[in-house]
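[1] Just to be clear, the model below is a prediction. Sequence and coordinates:
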Amino acid sequence: MNAFNRLPGFVQTPAGRERDVLRWLPRVLVFGTLLLALPSLVARIFLGAGDAVEASTHLQMIDIIALSIVVLHWTAVLTVAIAAFIVMVMKGPAYVADAYPVADSETPDSPECRQPTSY
């Protein structure tokens, strides 16, 4: 018995933008992370001199902001990846489940819809 019964006569939708999006997402993730982490690295170069306590406070604040923006970027990329994957799966072939008799049919007295009397 075949576990996957394709719907006969179903015309599969051709791939669209979702494949392009899925191909671009790894690059967007890496380059976006590097670009969003850049302010933290630049701050270390320019705020390194001066009062140590004040520089440390500013660096921590910049690091927290940069890290929160990077995590937001990762979340957005993951959300777009899930959406593109769902579109890709929904455009795939249609499958039919195995048929089973329904108890609430047009003719309730038919033999295949009778419920067993003993449990």
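    Looks like it arrived, so ask away. Residues are numbered from 1 along each chain as shown.

[2] contacts and neighbour counts: CA atoms only from here.
    Noted.

[3] residue nearest the centroid of this protein?
    residue 82 (1.5 Å; Cα atoms, centre = their mean).

[4] element containing that residue, please.
    When elements are assigned from DSSP states H and E, residue 82 belongs to helix 52-90.

[5] for that helix, which positions count as buried?
    If you call a residue buried by 16 or more other Cα atoms under 10 Å, then helix 52-90 has these buried ones: 55, 59, 62-63, 66-67, 70, 73-74, 77, 80-81, 84-85, 87-88.

[6] So in that sheet, which strands flank the very next helix or strand once past that helix, and in what orientation?
    Per DSSP H and E, helix 52-90 leads on to strand 95-96 as the next helix or strand towards the C-terminus. Applying DSSP bridges to the sheet, strand 95-96 is found paired with strand 5-6 (antiparallel).

[7] quick check, distance from the strand it pairs with to the centre of its chain.
    With Cα atoms, centre = their mean, to the nearest Å as the basis, strand 5-6 stands 26 Å off its chain's centre.
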